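Chemist: any chance you could fold what I've pasted below:
(one chain, ligands or ions: 1)
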Amino acid sequence: MRAVDIIANKRDGKALSQAEINFFIKGYTSGEIADYQAAAWAMAVLLQGMTPEETTYLTLAMAESGDTLDLSGVVDIAVDKHSSGGVGDKTSIAVVPMVRACGLPVGKMSGRGLGFSGGTLDKLESVPGFRTDLSKDEFLEQLGTLGMVLTGQSLDLAPADGKLYALRDVTATVQSIPLIASSIMSKKIAAGAQAIVLDVKTGNGAFMQTLDEARELAKLMVSIGELSGRDVAAILSDMNQPLGMAVGNALEMKEAIFTLQGEGPDDFHEHCLEIASQMLVLGKRAKTKTEARKMAEDAITSGKGLEYLKKLIAAQGGDVSYIEHPEKLPEAPIKHVIEAKESGFVSEVHARTVGETAVVLGAGRTKKGEEIDLAVGIMVHVKVGDQVEAGQPLFVIHAHDEVSMEEAKASLRDAVSIVPQKVDALPLFYGLVD
Ligand code: URA
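Modeler: Just a heads-up that it's a prediction; the model follows:
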């Protein structure tokens with residue numbers, strides 16, 4: 001078998017066999033297949049698509065590129081969650097400790113920034129020392145002792161996704177249902193949790209622009225999860241405007257801390273409660289959503305969620321004083337307020353434009369392995385449906401230098417639309433696939 005023939009088969013729209021997919025993923029993981037061939041193959045998959053069978057083979061090949069964890073001897077049940085990617089989505093940083101504070105173990109493998117969408121691992125790394133590359137043994141040990149892990153792909157956990165993810169980020173090959181489904185589900189299968197809540201986002205700031213596409217992705221991931229014997233539920237959530245206010249790594253880390261202190265933005269607070277409640281029900285710590293929601297709310301008001309975030313940071317080598325004093329987190333040297341030019345009602349806060357602007361500022365990568373700027377980003381001060389007065393702040397840009405500040409100002413020029421007539425707020429959720 002030759003990589004070039006497999007690329008050509010996909011380019012020509014043929015369905016790949018399980019043997020071809022296994023050969024390609026094995027070869028790419030070991031380094032025998034080069035980045036340029038994997039990039040061509042990923043583009044062919046993006047353009048030609050894959051059948052559900054191919055996507056399942058790809059998921060299993062990627063999950064089996066490293067170890068797949070068996071958590072049954074470590075905890076009675078562990079739950080996991082994953083978002084399909086959005087702008088301002090710092091949910092895992094708040095929800096993992098919240099759910100753990102409710103007595104449910106969480107073993108989670110996250111990702112880095114991908115295109116215009118931020119990544120949990122990058123946000124967590126704004127805390128000095130925090131490690132995101134735990135080995136299989138460290139994962140199991142920490143889950144057993146602390147009941148909570150939030151790490152990334154490593155040499156022994158989903159290494160194929162680690163490589164392909166970084167490649168897709170910079171080759172415009174993110175937005176593909178089979179590549180997203182296999183990337184997410186390979187991490188979930190490798191991490192071993194028995195119950196998985198997926199947050200599948202739809203809208204201009206998501207990889208799935210329409211609700212139909214989001215539902216298709218959700219159904220595919222739920223069926224792959226079930227084939228692997230996992231209990232999976234997927235929430236369809238809105239990503240037409242940024243989630244919460246903060247977009248950018250350290251800014252989002254701060255917002256997650258504030259949320260665990262009970263001072264997060266309303267939409268993000270509500271989003272966390274919903275995801276945490278689904279996890280608690282699926283993980284059998286609550287019988288009903290109402291009971292689960294009450295438990296999740298208590299995790300915030302009692303301060304236990306915040307305590308567990310500190311424990312998580314400490315367990316993975318991070319400096320806990322940054323959680324106790326979030327003002328110590330990296331801060332950009334230049335700030336600029338963009339004000340509303342007219343009074344009226346906000347009809348759009350274009351999430352993708354905000355996400356792309358964060359990348360322009362340096363919060364995301366344009367080349368593989370590029371250093372990112374943890375401090376930069378955007379604070380979003382309005383939501384769709386808000387009434388605003390001329391002169392009121394719409395955004396505060398946090399930049400490293402004048403050049404990127406000017407680019408960000410230009411990029412955000414049309415990101416908010418204001419109209420004279422009243423506008424309804426956007427829904428947070430569109431339903432559940434389970
Ligand atoms: N999250 C992932 O882990 N992978 C994707 O491809 C998209 C979102």
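Chemist: what residue ranges in this protein score low on pLDDT?
Modeler: Residues of the chain meeting the criterion pLDDT under 70: none.
Chemist: now the element after the helix or strand containing Leu306, going C-ward?
Modeler: Per DSSP states H and E, Leu306 falls inside helix 304-315. Counting by DSSP H and E, the next helix or strand C-terminal to helix 304-315 is helix 321-324.
Chemist: packing partners of that following helix?
Modeler: Packed against helix 321-324 by the contact rule (3 or more C-beta pairs under 8 Å, 6 or more residues apart in numbering; DSSP states H and E) you find helix 304-315. (C-beta placed from N, C-alpha, C; glycine too.)
Chemist: how far out from the middle of the chain is the helix it packs on?
Modeler: Distance of helix 304-315 from the chain centroid (C-alpha atoms, centre = their mean, to the nearest Å) equals 20 Å.
Chemist: cool, stretch 54-66 as well?
Modeler: Chain-centre distance of stretch 54-66: 20 Å, with C-alpha atoms, centre = their mean.
Chemist: contacts for it, please.
Modeler: Identification of contacts with stretch 54-66 by C-beta atoms under 8 Å, 6 or more residues apart in numbering yields 15-16, 18, 21-22, 24-26, 29, 50, 136, 153-161, 164, 177-178, 181-183, 185-187, 189-190, 220, 224, 227-228.
Chemist: Lys409 and Ile334 touch, don't they?
Modeler: No. Judged on C-beta atoms under 8 Å, Lys409 makes no contact with Ile334 at a distance of 11.2 Å.
Chemist: now the residue of the stretch 101-250 of the chain found nearest the ligand, nearest residue through space, not along the chain?
Modeler: Nearest to the ligand in the stretch 101-250 of the chain, going by C-beta to the nearest ligand atom, is Ser183, at a distance of 3.4 Å. Residue nearest to Ser183 in three dimensions, not counting chain neighbours: Asp161, with 5.3 Å by C-beta to C-beta, 6 or more residues apart in numbering.
Chemist: the one you found sits in which helix or strand?
Modeler: Asp161 belongs to helix 159-169, assigned by DSSP H and E.
Chemist: remind me what that helix packs against, helices and strands.
Modeler: helix 18-30, helix 35-48, helix 52-63, helix 177-191.
Chemist: again, only this time at 6 Å
Modeler: Secondary-structure packing of helix 159-169 (3 or more C-beta pairs under 6 Å, 6 or more residues apart in numbering; DSSP states H and E): helix 18-30, helix 35-48, helix 177-191.
Chemist: re the thing from before, I'd like to know how far the residue of the stretch 101-250 of the chain closest to the ligand sits from Leu69.
Modeler: In this view, Ser183 and Leu69 are 18 Å apart by C-beta to C-beta, to the nearest Å.
Chemist: so which of the helices and strands packed on helix 159-169 is the most packed in?
Modeler: With neighbours defined by mean count of other C-beta atoms under 10 Å, none of the helices and strands packed on helix 159-169 is more surrounded on average than helix 177-191, at a mean of 26.
Chemist: ok, then the element right after it?
Modeler: Of the helices and strands lying after helix 177-191 in sequence (DSSP H and E), the nearest is strand 195-202.
Chemist: after that next one, which helix or strand is next?
Modeler: Per DSSP H and E, the first helix or strand lying C-terminal to strand 195-202 is helix 211-227.
Chemist: does the ligand sit close to that following helix?
Modeler: No. If you take C-beta under 6 Å from any ligand atom as the test, helix 211-227 misses the ligand, and the best it gets is 9.5 Å.
Chemist: can you give me the buried ones in that helix?
Modeler: Buried positions in helix 211-227, judged by neighbour count with 16 or more other C-beta atoms under 10 Å: 213-218, 220-225.
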